[in-house]
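> What follows is a predicted structure for the sequence shown.
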Amino acid sequence: MKMTTEEAFVKTLQRHGIQHAFGIIGSAMMPISDIFPKAGIKFWDCAHEGSAGMMSDGYTRATGKMSMMIAQNGPGITNFVTAVKTAYWNHTPLLLVTPQAANKTIGQGGFQEMEQMNLFADCVAYQEEVRDPSRIAETLNRVIMQAKRASGPAQINVPRDFWTQVIDIEIPEVVEFEVPQGGDNAVAKAAEMLSTAKFPVILNGAGVVLAKGGIEASRLLAEKLDAPVCVGYQHNDAFPGNHPLFAGPLGYNGSKAGMELISKADVVLCLGTRLNPFSTLPGYGIDYWPTEAKIIQVDINADRIGLTKKVTVGIVGDAAKVANSITAKLAETAGDEGRKERTSLIAQTKSAWAQELTSMTDEADDPGTDWNVRARAAKPDWMSPRMAWRAIQSALPVEAIISSDIGNNCAIGNAYPSFNEGRKYLAPGLFGPCGYGLPAIVGAKIGQPDVPVVGFAGDGAFGIAVNELTAIGRGDWPPVTQIVFRNYQWGAEKRNSTLWFDDNFVGTELDEQVSYAGIAKACGLEGVVARTQDELTAALAKALDDQMNHGKTTLIEAMINQELGDPFRRDAMKQPVQVAGIDAADMRDQAV
C-alpha cells in the first residue's frame, strides 16, 4: 500500500492506541503533528519539554496506557533527558520520538544538530534509529513493543528528511506477548519457605502496581499467611491502605511500624521490587533490614535480582502471576505457626505508630545543632511541615491521585498518604528530579479526568516547573490542584548545611518577595495563601470542589516555618576537613 512516511508513522501509533503526545511544536516534527488531529491524537503543547516528559510519565502511570513525548530536534530533545531518565527508574513504558537533523547535513555542525542516540543511551530501555524511510513503521512498531516489554521508555530517532517520502508499505501487526510467571522450581521453593516461616513479611514494589491484578494477588497471599505487607519507598499505593495487614512504606520518613515488623522477619517475599538501596536505608534510628532472614526476590528483570541484597531465591516473573502461583503451592498449614501472636503484634505495632505519627509536630535537631529550635522561635505562629500534612489529610479524598515532588517537605509527608487502589501515588522516584509534582499531576488528570488530583511541591522544586502555569490554564487543559510548601529555602540542602557545614548556607535561600499564588493569578488561575491548618484544610476542600465541579485550577501556597526534616543521605555525607585551607586573597583577576 502506498502512503507517506508520516502517514505510516501515525497509522502505527493508532494501531497501538497512543492518543496523547506531550512536547513543544517544532519544524522537524510538523509533518506528523499536522495530521495528529485527524488521527485522534491530542498534542499537549507545554511550556518546557522537561515538564512535558513528566506529564507523559504522569499520564501513563495514572492510566497504564502509553503516551509519547516529542519536540524539535536538538535543544528541544535535549530538554527531555531528565524526564526520560525519571521514567526509566519509574518503570514507565513511554514512547520517545526524537526527530533528528537531516541525514544529508549530519556531521557538518548545522543548525540544532545533536547526537541524539548517544544522548539517551543510558536513559531508555531500548532505542533504534530509522535507517530507511521504508522501514519507519517496522521500526516504530518494534520500539513501542520493546517499551511495553521492558516497562520503560523507548526511543525512535527519525532523520527529519525521511518525512514526506512516498513508500510502499504494510502497517505491521501488534504482537502480544505473555509476561513470565517464574520458574516452577523457584516458585515451589519460595512456597515451601513461606509455608514454614514463623514470621513472613511481604514487601511490595512498583511491579505489584504495574502487574495486572498484582495488588489483589499480593492481598490473597498476605491473608493466607497473615503476613504484614510493607511497600517500597514512594510506592504507598502498592497495597490497600485500609487493610489490617498493611504496614506502610519503608525508607526515608516512612512507617516505623513497617520497619519494626520487617526487622522481625525470618522470610521476606520481595514482590515486584528491585530493592533499591535507598528504599531500605535506616529510618528513625532503626537499622531494620533483616540480615539473617531468607529473602525471596521477584522481579520481571533478571538483571535486578540479587543486585543489592543477598537473595535466597530469585524468581524472574510478573508479580501477579508469581504471587498467585506461590499461593496455590502453599501448604495447608502455611502461616499457622505463631499466627495469633503475629496478627496481634501487627495491630499493636500499627496502632502505636499511628498514635506517634499523629503526635509528631516538630522536626528534631541532631545533637550539637539547633536550627529547628531557631526556626520555631523565628515564626512561632506558622505551621510546621507536619501540621500542614495533617491539615491536608483532613481534606484529601481517599480516591484522589496525588503527585509529590522531591525535597524536604514532600519527603516529610512520605508516611501520611495511603490508598485503596494502585496508580494513585506519583512520586519522582529514585532518579529524584525537582519539578516533578506539577507536570505529573497534570498528566494524571488528562488521563483520569473524573478523579480528583492534587500535586505537591516544595517552593524550590516548584520554581523549576512554575512556567507550566502559563500553559495549563488554556481552555482545553483540565483543572488541577497544586499545593506549594512555602518556606523560602532549599530545605534538604539546608539540613545538610546545618549538619556538616556549620550553617554555611550557600545557595539555599529563596526570594521572599516572590508569590507563587500571585503568579498563578497572573496566569488566569486561582491563587490562594493558607497560613493556618484550618485555612489550609478549607482551601484544599474548596480547590477540589472548584476542580471537580467548576473547572478551575488552584495553586495553594501553604506558608510553613523553616523546620528541616531528617537528611536524605546520612549514608553519603561526612564532615569535611581542611588541610591546605582556602583564602579569598588567593583569587586572581583573569587576563582579558
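Nice, thanks for sending it over.
> Report the buried residues of the longest helix anywhere in the chain.
Criterion DSSP state H: the longest helix present in the chain is helix 339-359. By neighbour count on 16 or more other Cβ atoms under 10 Å, the buried set for helix 339-359 is 342-343, 345-346, 349-350, 353, 357. C-betas here are computed from N, CA, C, even on glycine.
> What is it packed up against?
strand 246-249, helix 256-262 (3 or more Cβ pairs under 8 Å, 6 or more residues apart in numbering; DSSP states H and E).
> Could you export the buried residues of helix 339-359 as a markdown table, including distance to D366?
Below are the buried residues of helix 339-359 laid out as a markdown table (distance: Cβ to Cβ, whole Å):
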| residue | distance to D366 |
| --- | --- |
| R342 | 35 |
| T343 | 37 |
| L345 | 31 |
| I346 | 32 |
| T349 | 26 |
| K350 | 28 |
| W353 | 22 |
| L357 | 21 |
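> Between those, which sits nearest N73?
Nearest to N73, judged by Cβ to Cβ, of the buried residues of helix 339-359 is L357 at 49.6 Å.
> Verify the stated contact: that closest one with A415.
Yes. At 6.0 Å, L357 counts as touching A415 under the criterion of Cβ atoms under 8 Å.
> Need the winner for burial among the helices and strands packed on helix 339-359.
Comparing these by mean neighbour count (mean count of other Cβ atoms under 10 Å), strand 246-249 ranks first with a mean of 28.
> Let me know the next secondary structure element after the longest helix of the chain.
Using DSSP states H and E, the helix or strand that follows helix 339-359 in sequence is helix 371-378.
> Please point out which parts of the helix or strand just after that following helix sit buried.
Elements were assigned by DSSP H and E; along the chain past helix 371-378, the next helix or strand is helix 385-395. Of all the residues in helix 385-395, those buried under the rule 16+ other Cβ under 10 Å are 385-392, 395.
> Dump those to CSV, plus pLDDT.
Formatted as CSV, the buried residues of helix 385-395 follow (pLDDT from 0 to 100):
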residue, pLDDT
P385, 96
R386, 97
M387, 97
A388, 97
W389, 97
R390, 97
A391, 97
I392, 98
A395, 97
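> Take the residues you listed and write them to TSV, including distance to E535.
Putting the buried residues of helix 385-395 into TSV (distance: Cβ to Cβ, whole Å) gives the following:
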residue	distance to E535
P385	16
R386	16
M387	11
A388	11
W389	15
R390	13
A391	8
I392	12
A395	11
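> ok, so of these, who is nearest F246?
Nearest to F246, judged by Cβ to Cβ, of those is W389 at 18.7 Å.
> Check whether that closest one really touches Y416, as I assumed.
Yes. Contact criterion Cβ under 8 Å: W389 and Y416 qualify, at 5.0 Å.
> JSON lines for the buried residues of helix 339-359, including pLDDT and distance to E563?
Shown next, in JSON lines, are the buried residues of helix 339-359 (pLDDT from 0 to 100; distance: Cβ to Cβ, whole Å):
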{"residue": "R342", "pLDDT": "97", "distance to E563": "37"}
{"residue": "T343", "pLDDT": "97", "distance to E563": "37"}
{"residue": "L345", "pLDDT": "98", "distance to E563": "33"}
{"residue": "I346", "pLDDT": "98", "distance to E563": "32"}
{"residue": "T349", "pLDDT": "98", "distance to E563": "27"}
{"residue": "K350", "pLDDT": "98", "distance to E563": "26"}
{"residue": "W353", "pLDDT": "97", "distance to E563": "21"}
{"residue": "L357", "pLDDT": "96", "distance to E563": "16"}
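> How many neighbouring residues does G581 have?
6 (other Cβ atoms under 10 Å).
> Which strand or helix spans it?
G581 belongs to no helix or strand, assigned by DSSP H and E.
> Report pLDDT for it.
Listed pLDDT for G581 reads 89.
> tell me the SS of E292?
At E292 the chain is in coil, as set by DSSP: H, G, I helix; E, B strand; the rest coil.
> What are the neighbouring residues in contact with it?
Neighbouring residues of E292 by Cβ atoms under 8 Å, 6 or more residues apart in numbering: D266.
> separation between it and A247?
To A247, E292 is 19 Å away according to Cβ to Cβ, to the nearest Å.
> what about the helices in the stretch 101-250 of the chain?
Using DSSP state H, counting those that start in this stretch, the helices assigned to the stretch 101-250 of the chain run over residues 116-120, 136-150, 184-195, 206-210, 214-225.
> pLDDT value on the closest residue in space to L95 that isn't next to it in sequence, please?
Nearest residue to L95, sequence neighbours excluded (Cβ to Cβ, 6 or more residues apart in numbering): M68, at 4.0 Å. The model reports M68 with a pLDDT of 98.
> Name the residues linked to M68 by a beta bridge.
Counting by DSSP bridges, M68 is bridged to A21, L95.
> Just send the helices and strands packed on helix 339-359 back as a markdown table, with distance to D168 and mean pLDDT too.
Below are the helices and strands packed on helix 339-359 laid out as a markdown table (distance: least, Cβ to Cβ, whole Å; pLDDT from 0 to 100):
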| stretch | distance to D168 | mean pLDDT |
| --- | --- | --- |
| strand 246-249 | 54 | 97 |
| helix 256-262 | 59 | 97 |
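> State the distance from the nearest residue to E138 once chain neighbours are set aside to C46.
Distances taken as Cβ to Cβ, 6+ apart put P172 closest to E138, at 5.8 Å, once the chain neighbours are dropped. Applying Cβ to Cβ, the value for P172 to C46 is 30 Å.
> the more surrounded of the two?
It is C46, of P172 and C46, that has more neighbours when counted by other Cβ under 10 Å, with 27 against 16.
> closest one to I556 among the helices and strands packed on helix 339-359?
strand 246-249 (24.6 Å).
> Note down every partner strand of that closest one and its orientation.
Note on strand 246-249: by DSSP bridges, its sheet partners are strand 229-231 (parallel).
> outside of the partner strand, which residues touch it?
201-205, 218, 222, 237-239, 243, 245-250, 255, 258, 261-262.
> rewinding a little: using TSV, please lay out the helices of the stretch 101-250 of the chain together with mean neighbour count and mean pLDDT.
Output for these, formatted as TSV (neighbours: other Cβ atoms under 10 Å; pLDDT from 0 to 100):
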stretch	mean neighbour count	mean pLDDT
helix 116-120	18	96
helix 136-150	21	96
helix 184-195	19	97
helix 206-210	27	96
helix 214-225	22	98
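> Would you mind reformatting these (as JSON lines) and adding columns for distance to Y284 while you're at it?
Listed next are those as JSON lines, based on distance: least, Cβ to Cβ, whole Å:
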{"stretch": "helix 116-120", "distance to Y284": "39"}
{"stretch": "helix 136-150", "distance to Y284": "36"}
{"stretch": "helix 184-195", "distance to Y284": "28"}
{"stretch": "helix 206-210", "distance to Y284": "24"}
{"stretch": "helix 214-225", "distance to Y284": "24"}
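> closest one to V316 among those helices?
Using Cβ to Cβ, the nearest of the helices of the stretch 101-250 of the chain to V316 is helix 184-195, at 8.1 Å.
> any idea of the angle that closest one forms with helix 214-225?
Per axes from the mean of the first three to the mean of the last three Cα atoms, to 10 degrees, the angle that helix 184-195 makes with helix 214-225 is 50 degrees.
> same for helix 184-195, what does it pack against?
Packing partners of helix 184-195 (3+ Cβ pairs under 8 Å, 6+ apart): strand 267-271, strand 294-299, strand 313-316, helix 319-329.
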